[in-house]
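Asks: From the sequence below, what's the structure:
(4 chains)
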There are 4 protein chains.
Amino acid sequence: MQLGMIGLGRMGANMVRRLQAKGQDCVVYDLDASAVEKLVAEGAAGAESMADLVAQLTPPRAIWLMLPAAITGQVARELAGLMERGDVVIDGGNSFYRDAVDLAAELAPQGIEVIDTGTSGGVWGLERGYCLMIGGPKGAVERLDPIFAALAPGDETGQAHDPAIGTAPLGYLHCGPTGAGHFVKMVHNGIEYGVMAAYAEGLNVLAAANDGAASREADAETSPLSNPEYYRFDIDLAAVTEVWRHSSVIGSWLLDLTAQALKHEPKLECFAGHVSDSGEGRWTVQAAVETGVPVPVLSSALFSRFASRGEDEFANKVLSAMRYAFGGHLEKTGAQ
Amino acid sequence: MQLGMIGLGRMGANMVRRLQAKGQDCVVYDLDASAVEKLVAEGAAGAESMADLVAQLTPPRAIWLMLPAAITGQVARELAGLMERGDVVIDGGNSFYRDAVDLAAELAPQGIEVIDTGTSGGVWGLERGYCLMIGGPKGAVERLDPIFAALAPGDETGQAHDPAIGTAPLGYLHCGPTGAGHFVKMVHNGIEYGVMAAYAEGLNVLAAANDGAASREADAETSPLSNPEYYRFDIDLAAVTEVWRHSSVIGSWLLDLTAQALKHEPKLECFAGHVSDSGEGRWTVQAAVETGVPVPVLSSALFSRFASRGEDEFANKVLSAMRYAFGGHLEKTGAQ
Amino acid sequence: MQLGMIGLGRMGANMVRRLQAKGQDCVVYDLDASAVEKLVAEGAAGAESMADLVAQLTPPRAIWLMLPAAITGQVARELAGLMERGDVVIDGGNSFYRDAVDLAAELAPQGIEVIDTGTSGGVWGLERGYCLMIGGPKGAVERLDPIFAALAPGDETGQAHDPAIGTAPLGYLHCGPTGAGHFVKMVHNGIEYGVMAAYAEGLNVLAAANDGAASREADAETSPLSNPEYYRFDIDLAAVTEVWRHSSVIGSWLLDLTAQALKHEPKLECFAGHVSDSGEGRWTVQAAVETGVPVPVLSSALFSRFASRGEDEFANKVLSAMRYAFGGHLEKTGAQ
Amino acid sequence: MQLGMIGLGRMGANMVRRLQAKGQDCVVYDLDASAVEKLVAEGAAGAESMADLVAQLTPPRAIWLMLPAAITGQVARELAGLMERGDVVIDGGNSFYRDAVDLAAELAPQGIEVIDTGTSGGVWGLERGYCLMIGGPKGAVERLDPIFAALAPGDETGQAHDPAIGTAPLGYLHCGPTGAGHFVKMVHNGIEYGVMAAYAEGLNVLAAANDGAASREADAETSPLSNPEYYRFDIDLAAVTEVWRHSSVIGSWLLDLTAQALKHEPKLECFAGHVSDSGEGRWTVQAAVETGVPVPVLSSALFSRFASRGEDEFANKVLSAMRYAFGGHLEKTGAQ
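Replies: Alright, predicted model coming up:
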């Protein structure tokens, strides 16, 4: 089946590779011509412009956008102006689900349908397949089944797939009307932030397990370590994360990756710890707030990322100012 | 190798079964004679008392306690009175790691060594093997290697094990001196609470994705749903958790179980939502507080469990009393 | 000065009373005719409809809306259709600040200005005065200074007011352009939720200070109280909140009210603990999320309110389902 | 009445001054002789050693310790060796309440009683009086009533005090047996952390209210500010905190101090934002965890302080390592 792909970054390029490898035909475009060339060298057809891309595809066309959320809408609108009734635009990026809902409403009069596909799998998707959460009109989604099936991991059991139980066991799912795919992906990433933070916080506790071996200053500004004799464990974090991978309750793919990272660099010194967030974690918390669903864990994970980038600084200055005002407490300089 | 087992509940009984199946010899004891009989019928040797258990074991003995944390210490002390220099007591339950440290110090003059083993795997351990986090003196831990190896999942790759890289890939790990095993298991469970809560909160957001379809009252006491048009997704949670299992970033064993539970009962109506906590989550937060490690996610997960059991009630009454006092707000009766 | 008031609920009616008492002239309207009659009996002029209200006011008119957020916009738009160039609409309710921004843009072509006034003080405002956070065009805000001055507490020191230092010490403040008033009030209420929760949680800890006196069950599902001997304090919460009012660091008006409530009813048994939230707490968290500001305390306070109304139920069922799936844990019935 | 005071730091010295001013006789001691001299110059009696201090006091003696928590126990024990049956030791510092319970049990055989007094008021106590939360045996507490009354703010109404309603309205309270005073003070400070954080987070949101005026980078790693047009308020934080002081719901003494600090230095640039915690916040969370009371707000406030000192660094590195591992995400350098 034929698919146009716009956006050949980390994710988009690998998706093209997987599609080609599974026998699908991709026509690719990116502002960066060298990214196009690279994939042409690997067998894809290249386009020189969006118009060229549209021209190379046989109607009804399907064009997949794999772009930063901030520019997806603009590109989609421009693209729609070049497309025809019956064509489909697929937003596979980490866009806000409402943008897909709005875009679908906007393009409906032109007869262009919008599918939003949440795509999980990261840089590993090329090899493992991508987990796809799909929103959109039933007909369009069914027509593109070969594309989704090729991108998804597929049947890992080696057994024939029973269509009666749906495609979820194959790693792709039609979640509902346009917007549903990104909504589910949004929550997926919200959960991801929480799960990641759970491991990160736990490992930080393990990293402090030997604090009793070090001396700690005692003054009115610093709480002394109350039971140093119980904090004398020099834990090998790489070994611990490895053992947890084997039949513990917290085994997961994220743990697999963490164990590998710690084996490679036990102190993770090549990282500074400024943790980005790319939108879905925020949107998940906002959806929860709007619908009145308590998400203390997901929001704590999000706020820790904000704080990791220094966004708590003014609040902390307010605290120091208060402490100075009521107690004459001067800030301690240096580390705790 | 010979092992005594005291405590034949859910966990203890299955561990005996796995050990026997792997060719180890178990002598078992429990206050509940029928639990002993059952395992005797399956090939274990049974004891009628702790003294009898000790008598049936050849020195140097190793006796594993698989008991509620609240009674482990008392049983261990009683047992130690019956044992001899060179014997080993193993606490495999969910005990506080400091109890193991204290017990080891207390039994040292008698020449009895204490090993603490954090045991993860739940009811699935019989089949999948148990993930073991072990603390204790090197000699004793090495002597008991056949027991740990039999309980652990072992080599899942089918390849010969390279002893140079340690036992972590086999699912058991000597983490450090006595106490280290339970410390690592404590943090394991702290993480478990956080990971579980991340999924639970996310699924709760998905369950609210259709809130826009229902009408919501608008009055001064209730915030209206601001964008009902964006909350019209009727998400199939069983299908979503299933699709996430396949190459998504949040794939995990806990997700496998969740997908299964939702497939079985999509609304989870057989549960009331009163969530217990058995100690390690609390101790993890306390260790973090003592060592000054921020654990907002792990603590939020813990506090949500407390609240699920109604422990937030008085605080909520205080809030309602304040609202009434400053604003004349009466509580709304019935659901939100 | 003349002011129209629409919405004679708890807040609106008392504001009219305070304005009349300070020599301002109010024309009042409410869908509930009896509310109008009541204030007419106290000296205000009554209107039978919005059109009548507009007719009774001399241009340039100023009409204050004190309505639930959910209907304010609709009423304002209807009202604007009856007003003239140069008139001012004031939204004094707990509306979303963006609604004021949008409304101002929408009414600008008609020459009608929008002022948004965050109003704090609750049922006590009549006597103590209202703290006013005002957004809007400079000219309109200055013209209405007599209204704001009459509503605000005014000079509590008895000394003449120095206009050079602005009106903040008098209890009202022009915070910026339209929207700024509600933005500041939004954050005010976000803080309010956090402060209230801090007291509520602390008092809940004090209420548990005698837990060691009661027995607590010990089983594998329940963590035993580890140090009952340290939880044998029968604290008099009414006395404690009273003593804190006198020169402690946490003295506040909310504490004053709390002490009073506890004196009146030490167990707060007339409250069920279902705590409403009326919008600003949510919007504060959403603004924080959008701008990347960490607000773990404000969001925790909000989520506790959601949970107090049972909105955590499905998440808790998911946790119970997971616990059952991996560990065979059955929920405990009854209280913890 | 005669009182010995050991520990002449910020708090201790001012308490001596207040006592002397109210006609009580203080004998003072500190390792730092110059601190003693200073108070001697102001009329107190000075001691050259603890033994000298004891010698100068007439039995039954009362000696108040105002020392860092880390050394209070040791000094108290040393002191007790110099005292006689019937004497009283008062711990007025920020000690762990259990230390007072233990100390009382330990000194009971010698007939020395222990009173623990939580003392709030900071550097303002000299002038405003200290809020005192007192634990200890009834007889000893009653005997020392003149001391407590002199330290406390006393009757602020100018009316005669009605002994029937107790001393709480005078700013001191006998909360229960030894330990109860520090328990109540512990929770007081736990609440204080939460209240402070509520203001600090809210002010941080206000400080971001103008974020829409600045441009923000859009790339796959950074979530764009979704609605810049709604974040164009340049809020005067000093004026806002001032206006809130006047009849708003969040008026408090901490707000008074914050308004003053912001007036003095609007950006709080003299503070770095490394916020200490001196023990009670930690103990409050630990008590809550032990008794199963949810304290999401109090713990969030505590963990934010830990993070302000960089204690979240390793956790953040783990997050960055995970993001790199699954998505190839490199950390952004520089500010967000």
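Asks: Now for residue A:107: which residues touch it?
Replies: By CB atoms under 8 Å, 6 or more residues apart in numbering or on different chains, residue A:107 lies in contact with A:80, A:89, A:113-114. C-beta: built from backbone N, CA, C; applies to glycine.
Asks: counting residues per strand, which one in chain A is longest?
Replies: In chain A, with assignment by DSSP state E, the single longest strand is strand A:113-120.
Asks: Show me the strands in the stretch 201-336 of chain A, by range?
Replies: Applying DSSP state E, counting those that start in this stretch to the stretch 201-336 of chain A gives no strands.
Asks: What would stretch A:181-199 look like as CSV? C-alpha coordinates only.
Replies: Only the C-alpha atoms of stretch A:181-199 are listed here, as CSV (Å, rounded to 0.1, in the frame of the first residue of the first chain):
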residue,chain,number,x,y,z
GLY,A,181,-5.9,8.1,19.4
HIS,A,182,-4.1,11.1,20.7
PHE,A,183,-6.2,11.1,23.9
VAL,A,184,-5.2,7.5,24.6
LYS,A,185,-1.5,8.3,23.7
MET,A,186,-1.7,11.4,26.0
VAL,A,187,-2.7,9.3,28.9
HIS,A,188,-0.1,6.7,27.9
ASN,A,189,2.6,9.3,28.3
GLY,A,190,1.0,10.7,31.5
ILE,A,191,1.4,7.2,32.9
GLU,A,192,4.9,6.9,31.4
TYR,A,193,6.0,10.0,33.4
GLY,A,194,4.6,8.5,36.6
VAL,A,195,6.2,5.1,36.1
MET,A,196,9.5,6.7,35.2
ALA,A,197,9.4,8.9,38.3
ALA,A,198,8.6,5.9,40.5
TYR,A,199,11.7,4.1,39.4
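Asks: Only the buried residues of it, if you could.
Replies: Buried positions in stretch A:181-199, judged by neighbour count with 16 or more other CB atoms under 10 Å in any protein chain shown: A:181-199.
Asks: returning to what we had before: and of the contacts of residue A:107, the nearest to residue A:14?
Replies: Relative to residue A:14, the closest of the contacts of residue A:107 is residue A:89; by CB to CB it sits at 20.6 Å.
Asks: can I assume that closest one sits in a strand?
Replies: Yes: per DSSP: H, G, I helix; E, B strand; the rest coil, residue A:89 lies within a strand segment.
Asks: which of the buried residues of stretch A:181-199 are close to chain D?
Replies: Counting by CB under 8 Å from any CB of the partner chain, A:196-197, A:199 from the buried residues of stretch A:181-199 sit close to chain D.
Asks: Determine whether any part of the longest strand of chain A lies close to chain D.
Replies: No: shown here: strand A:113-120 not in contact with chain D (CB under 8 Å from any CB), separated by at least 9.1 Å.
Asks: and the next element down the chain from that strand?
Replies: helix A:125-128 (DSSP states H and E).
Asks: What's the first helix or strand after that following helix?
Replies: Next element after helix A:125-128 (DSSP H and E): strand A:131-135.
Asks: Enumerate the positions of that next one that are buried.
Replies: Quick answer for strand A:131-135 (16+ other CB under 10 Å): A:131-135.
Asks: So for that strand, mean pLDDT?
Replies: Mean pLDDT, strand A:131-135: 98.
Asks: again with stretch A:235-251
Replies: For stretch A:235-251, mean pLDDT is 97.
Asks: Please save the CA atoms from that stretch in CSV.
Replies: The C-alpha atoms that make up stretch A:235-251 are tabulated as CSV, following Å, rounded to 0.1, in the frame of the first residue of the first chain:
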residue,chain,number,x,y,z
ILE,A,235,24.0,-0.9,46.9
ASP,A,236,25.0,-1.9,43.4
LEU,A,237,22.2,-0.2,41.4
ALA,A,238,23.1,-1.9,38.1
ALA,A,239,22.8,-5.3,39.7
VAL,A,240,19.6,-4.5,41.6
THR,A,241,17.8,-3.2,38.5
GLU,A,242,19.0,-6.3,36.7
VAL,A,243,17.7,-8.7,39.3
TRP,A,244,14.4,-6.9,39.4
ARG,A,245,14.0,-7.7,35.7
HIS,A,246,13.6,-11.3,36.6
SER,A,247,10.1,-12.2,37.9
SER,A,248,9.7,-9.3,40.3
VAL,A,249,6.4,-7.4,40.4
ILE,A,250,8.0,-4.3,38.9
GLY,A,251,9.5,-5.9,35.8
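Asks: Most neighbours among the contacts of residue A:107, which one?
Replies: In terms of neighbour count, residue A:89 stands highest of the contacts of residue A:107 at 29 neighbours, by other CB atoms under 10 Å in any protein chain shown.
Asks: I'd like to know how far that residue sits from residue A:77.
Replies: 10 Å (CB to CB, to the nearest Å).
Asks: hmm, back to that, from the ones next to chain D among the buried residues of stretch A:181-199, which ones fall inside helices?
Replies: With DSSP state H as the criterion, helices contain A:196-197, A:199 from among those.
Asks: how about the CA coordinates for stretch A:72-86, as CSV?
Replies: Extracted as CSV, the C-alpha positions of stretch A:72-86 are listed here (Å, rounded to 0.1, in the frame of the first residue of the first chain):
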residue,chain,number,x,y,z
THR,A,72,1.8,20.0,12.8
GLY,A,73,-1.5,22.0,12.5
GLN,A,74,0.0,24.5,10.1
VAL,A,75,1.6,21.9,7.9
ALA,A,76,-1.7,19.9,7.9
ARG,A,77,-3.7,22.9,6.8
GLU,A,78,-1.2,23.7,4.0
LEU,A,79,-1.2,20.1,2.9
ALA,A,80,-5.0,19.9,2.9
GLY,A,81,-5.1,22.7,0.3
LEU,A,82,-3.2,20.4,-2.0
MET,A,83,-5.3,17.3,-1.4
GLU,A,84,-8.6,16.0,-2.7
ARG,A,85,-11.9,14.8,-1.4
GLY,A,86,-11.4,11.3,-0.1
